[in-house]
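J.: Attaching a predicted model along with its sequence, questions to come.
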Amino acid sequence: RATLGYVPPLILDEWNLSAAGLDRRMDTSEGAAFDAAALIALQRSGIDASTFYEATDTDPRPGGWGTVALDGARKPAWWAFDLWQRLGPQVVARSTAGGIQAIASRGRHRLPLTILLVNYSAAAPRARGIDIALAGLGRDRRALTATIRRIDSTHPDARPEPLAVADQGLPLDLPAQGVALVRISRR
């Protein structure tokens, strides 16, 4: 502040899962889960900007740093950034309970509500059950609809799927090193 007359923006550049060369985890849901967890941590920290190390792989071997392979195929990391972009502009809740990182957002109205869930652990990855409570969204659960987009070992591309809305909430299982984006709206 004394030298510049203002506090410059805090920018983190060139972050990624691994800085030690090719790492096959970067081609999997583990890399995507790390990326989504890092985005949540960066937002929570108040950092002004960050840059992911490489948009497109530059080496034909597996484990490149990019979100897109040399042949143009979208890697799970690409889908993690896609899910992040689907969050609404207003963050309404954050949580790190039960080993799951979560961020809930919306636009100007209560619905649609978008929730990003990340199950990433470098030390002890394991599947976790989650129950999303629907408090404050009205009593008639039949008026609600939900979709889920997943990134895990069996869902590499985050295609939307319907998610059943139960009277008590939205129960779901999140595999180890997995990411899910849940969108709740009115019919």
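T.: Cool, got the structure.
J.: Quick check, central residue of the protein?
T.: Taking CA atoms, centre = their mean, the centroid of the chain lies closest to Ala36, which sits 3.8 Å from it.
J.: so that one sits in a strand?
T.: No - membership of Ala36 in a strand is not supported by DSSP: H, G, I helix; E, B strand; the rest coil, which gives helix.
J.: I figured it was touching Leu116, is that so?
T.: Yes - using CB atoms under 8 Å, Ala36 is in contact with Leu116, at 6.7 Å. For the C-beta atoms, the positions are set from N, CA and C on the backbone; glycine is no exception.
J.: got any residues that touch both of those two?
T.: Leu83, Trp84, Val179 (CB atoms under 8 Å, 6 or more residues apart in numbering).
J.: export those residues to a markdown table and tack on pLDDT?
T.: As requested, these are exported to a markdown table (pLDDT from 0 to 100):
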| residue | pLDDT |
| --- | --- |
| Leu83 | 98 |
| Trp84 | 98 |
| Val179 | 98 |
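J.: Out of those residues, which comes closest to Ala158?
T.: Leu83 (6.0 Å; CB to CB).
J.: Setting the sequence-adjacent residues aside, check what's closest to Gly129.
T.: Distances taken as CB to CB, 6 or more residues apart in numbering place Asp173 nearest to Gly129, at 5.5 Å, with adjacent residues excluded.
J.: list the contacts for the one you found?
T.: Ala127, Arg128, Gly129, Ile130.
J.: Also Pro160?
T.: Counting by CB under 8 Å, 6+ apart, Pro160 has contacts Thr147, Ile148, Arg149.
J.: List the neighbouring strands of the helix or strand that the second one is a member of plus their orientation.
T.: Put plainly, it is Ile148. Element membership of Ile148 [criterion: DSSP states H and E] is strand 144-151. Counting by DSSP bridges, the strands paired with strand 144-151 are strand 160-163 (antiparallel), strand 178-186 (antiparallel).
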